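A.B. asks: Following is a predicted model, sequence given first.
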Amino acid sequence: QVHLVESGGGLVPAGGSLRLSCVVSGGTFSSYGLGWFRQAPGKEREFVGMITSWGWSGISTRYTDSVKGRFTISRDNAKSTVDLEMNKLLPADTGVYYCAASTNVQDGVSESQYDYWGHGTQVTVSS
């Protein structure tokens, strides 16, 4: 059975930084596409970014437009972790952040592409 556990959330002032981490246990971590999603209060969960598994051309990442240049996703196959480095945080970045793993990711944007989910970690950015 595959389990995902996020950590690193908290309260940070606007302009600050946070680094979220997600540990994945079970399954074959190196083969998973990994994504980060978030859900703001009163809103639907939305795609933040994703990172592919290692392929013949290496790995690639994709981000939603609102976080490009501010957020960076990385993975460590030896530790079975995927991190989300968040800089220049805005109040609009507030929400519960979830990591997810996919055994057959396509573009990684839609939730339906992911097989396993964590329970989330709260990020609050104060203005």
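C.D. replies: Sure, I can see it.
A.B. asks: Helices of this protein, residue ranges please.
C.D. replies: Counting by DSSP state H, the chain has no helices to list.
A.B. asks: Show me the shaky parts of the chain.
C.D. replies: Along the chain, no part satisfies pLDDT under 70.
A.B. asks: Contact partners for the most centrally placed residue in it?
C.D. replies: The chain has W36 as the residue nearest its centroid, 2.2 Å off, counting by C-alpha atoms, centre = their mean. Applying C-beta atoms under 8 Å, 6 or more residues apart in numbering to W36 gives the contacts L20, C22, V48, G49, M50, I73, V82, L84, Y97, Y98, C99, A100. Backbone N, C-alpha and C define where each C-beta goes, glycine included.
A.B. asks: Mind doing that once more with 6 Å?
C.D. replies: Applying C-beta atoms under 6 Å, 6 or more residues apart in numbering to W36 gives the contacts V48, G49, L84, C99.
A.B. asks: out of those residues, who has the most neighbours?
C.D. replies: C99 (30 neighbours; other C-beta atoms under 10 Å).
A.B. asks: list the contacts for S102?
C.D. replies: S102 neighbours (C-beta under 6 Å, 6+ apart): G33, Q113, Y114, D115.
A.B. asks: Could you dump those residues into TSV with distance to G10 added?
C.D. replies: Output for these, formatted as TSV (distance: C-beta to C-beta, whole Å):
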residue	distance to G10
G33	27
Q113	28
Y114	25
D115	28
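A.B. asks: hmm, back to that, name the nearest of the contacts of W36 relative to N77.
C.D. replies: For the contacts of W36, the minimum distance to N77 (C-beta to C-beta) is 15.0 Å, reached by C99.
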